[in-house]
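[1] Predicted model and sequence below, questions to follow.
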Amino acid sequence: MKKYFSSILCVFGLASLVITSCKHKDDECINCVIEGAVARTVVVDTVKGTSIEVYPVFTPSNHPMCDSLSYNPKMGAYVYPYMMYKFQKLCSVQEARDSLLKGNDTACPCRKNLDSTFNDEVNAYFRIGNIEKFPYNRLIIKTKNDTTKLGLYTNYDNKNNLFIGEVPTDMSLGYYEYYNTRALAAGVYSYELVFYKEEQHATQIGDTVKGNFAIIRSDKNINVHCKNEAYDKNDPLLKE
């Protein structure tokens with residue numbers, strides 16, 4: 001019986017962790033450890049011994065959201081939906097709703113975001129450490145443990161090509177080209193990382209890296225055991 005005692009304690013300990021860590025029964029609570037959103041180091045190239053570090057907990061900023069990406073003549077490209085310019089009107093939610101009801105979807109392209117308290121650069125995007133060692137890659141964002149793709153990022157680089165918690169509503173249009181992005185709600189999602197030897201993405205390096213990640217947007221998003229899974233541990237939104 002004694003040899004099973006430690007195992008029994010572990011089972012009860014895990015059950016206790018699940019039960020006591022999220023005390024607010026009426027609110028959705030994200031337990032990063034239980035959900036599998038845990039930081040990890042993965043050896044991608046076994047020959048060279050090169051690895052990446054995935055930090056699957058981040059707190060994206062709640063920017064003013066526009067219904068459409070806006071064309072910037074200076075850049076010669078469509079820009080992120082939260083970049084505001086003089087020709088864009090920043091409306092309240094009610095103003096945006098009223099304009100849509102009137103059949104005008106262009107008078108109010110950008111909506112104010114009432115929750116901007118924690119808009120900082122701390123853990124603002126999905127960080128993959130050492131990704132520069134594998135410049136030819138593909139990051140797929142999916143619904144949790146499902147096959148439904150929400151976003152696709154080619155040659156992710158932690159700099160210019162970032163996942164900031166927003167995905168296109170129509171993947172066939174491409175992220176930068178035309179219209180319609182939306183912010184993902186706080187919660188747990190899944191990711192897949194594929195690495196390639198060449199720009200054409202013909203030869204895969206190693207296995208596909210799969211896992212879950214968590215998005216926390218405000219102090220209303222109750223979370224536990226998430227702080228240590230993020231890149232920056234000094235994040236006011238994350239809890240031990």
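    Cool, the structure landed.
[2] which parts of the lengthiest strand in the chain are buried?
    Longest strand of the chain, by residue count under DSSP state E: strand 204-215. Of the residues in strand 204-215, Ile205, Gly206, Val209, Gly211, Asn212, Phe213, Ala214, Ile215 count as buried by neighbour count, 16 or more other Cβ atoms under 10 Å. Glycine gets a C-beta too; all of them are placed from N, C-alpha and C.
[3] Could you give the average pLDDT over it?
    Average pLDDT, strand 204-215: 96.
[4] in its sheet, what does it sit against?
    strand 57-58 (parallel), strand 187-196 (antiparallel) (DSSP bridges).
[5] tell me the average confidence for the shortest one?
    I take that to be strand 57-58. Here the average pLDDT along strand 57-58 is 98.
[6] looking at the strands paired with strand 204-215, which is buried most?
    The highest average neighbour count among the strands paired with strand 204-215, using mean count of other Cβ atoms under 10 Å, belongs to strand 57-58 at a mean of 29.
[7] How about residues contacting it?
    32, 37, 39, 123-127, 165, 213-216, 226, 229-231, 238 (Cβ atoms under 8 Å, 6 or more residues apart in numbering).
[8] Quick check: which of the strands paired with strand 204-215 is nearest to Lys142?
    strand 187-196 (4.5 Å; Cβ to Cβ).
[9] Just the element for the residue lying closest to Ile141 once chain neighbours are set aside, please.
    Distances taken as Cβ to Cβ, 6 or more residues apart in numbering place Gly151 nearest to Ile141, at 4.0 Å, with adjacent residues excluded. Following DSSP states H and E, one finds Gly151 within strand 149-154.
[10] Could you give the number of residues near Arg40?
    Number of residues near Arg40 (other Cβ atoms under 10 Å) recorded here: 14.
[11] do you know how far Ile34 is from Gly49?
    Separation of Ile34 from Gly49 (Cβ to Cβ, to the nearest Å) stands at 32 Å.
[12] Those two: who's more crowded?
    Each of Ile34 and Gly49 has its neighbours counted (other Cβ under 10 Å); Ile34 has more, 17 against 8.
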